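my questions concern the predicted model and sequence given below.
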Amino acid sequence: MLELLERYPEVFLRPDEARFELDCGDGWYSIIETLCSLITELNRREGQQPTYLQSVREKLGTMRILVSGRVPEAHAWIEFAEQHSTRTCAVCGKRGKLLFSDGWQRVRCEDHFSLRITDS
């Protein structure tokens, strides 16, 4: 998390303005990093209202992203990232599928299929 804040400062509000929430598996890190890169480039364009990540978390087994800003391009990337999480193992980042077990939903690959659904 700290690495993302240092590498993509233009994607996050200053710490005294708001606190960023990250609550998801390490397997989604590359999805989040790609999104940070895209939003950084978007924020550097002149005349654009900045878009800031406020939270990235797991909900109902998939990624949910909350941002400030109303730039349609950013929202399209966010939708893509959330959809990509539905087939990316939240534990390791390999190709996975959404599993339902004991009232819990998680995306897991074949290697982590037997990992208890409530474990992360």
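Happy to help now that I have it. Residues are numbered from 1 along each chain as shown.

show me where the chain has helices.
Remark: helices of the chain, listed N- to C-terminal, are 2-7, 29-44, 72-85; assignment by DSSP state H.

give me the number of residues near the nearest residue to Thr51 once chain neighbours are set aside?
Across the structure, with C-beta to C-beta, 6 or more residues apart in numbering as the measure, the residue nearest Thr51 apart from its sequence neighbours is Gly69 (3.3 Å). Glycine gets a C-beta too; all of them are placed from N, C-alpha and C. Counted with other C-beta atoms under 10 Å, the neighbours of Gly69 add up to 16.

and the helices of the chain as JSON lines, adding mean pLDDT and distance to Gly61?
JSON lines is the format used below for those (pLDDT from 0 to 100; distance: least, C-beta to C-beta, whole Å):
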{"stretch": "helix 2-7", "mean pLDDT": "86", "distance to Gly61": "22"}
{"stretch": "helix 29-44", "mean pLDDT": "94", "distance to Gly61": "14"}
{"stretch": "helix 72-85", "mean pLDDT": "95", "distance to Gly61": "9"}
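
as a markdown table, these with mean neighbour count would be great.
Output for the helices of the chain, formatted as a markdown table (neighbours: other C-beta atoms under 10 Å):
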| stretch | mean neighbour count |
| --- | --- |
| helix 2-7 | 12 |
| helix 29-44 | 17 |
| helix 72-85 | 16 |
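
any chance of those helices in TSV with distance to Val56 as columns?
Output for these, formatted as TSV (distance: least, C-beta to C-beta, whole Å):
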stretch	distance to Val56
helix 2-7	9
helix 29-44	6
helix 72-85	9
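
so who does the residue nearest to Thr51 touch?
With C-beta atoms under 8 Å, 6 or more residues apart in numbering as the criterion, the residues that contact Gly69 are 49-52.

whichever of those end up buried, select them in ChimeraX.
Here is the ChimeraX command that selects the buried residues among the contacts of Gly69 (16 or more other C-beta atoms under 10 Å):
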select :50,51,52
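
now, among the contacts of Gly69, which is nearest to Phe80?
Out of these, the one with the shortest distance to Phe80 is Thr51. That distance is 14.5 Å, counting by C-beta to C-beta.
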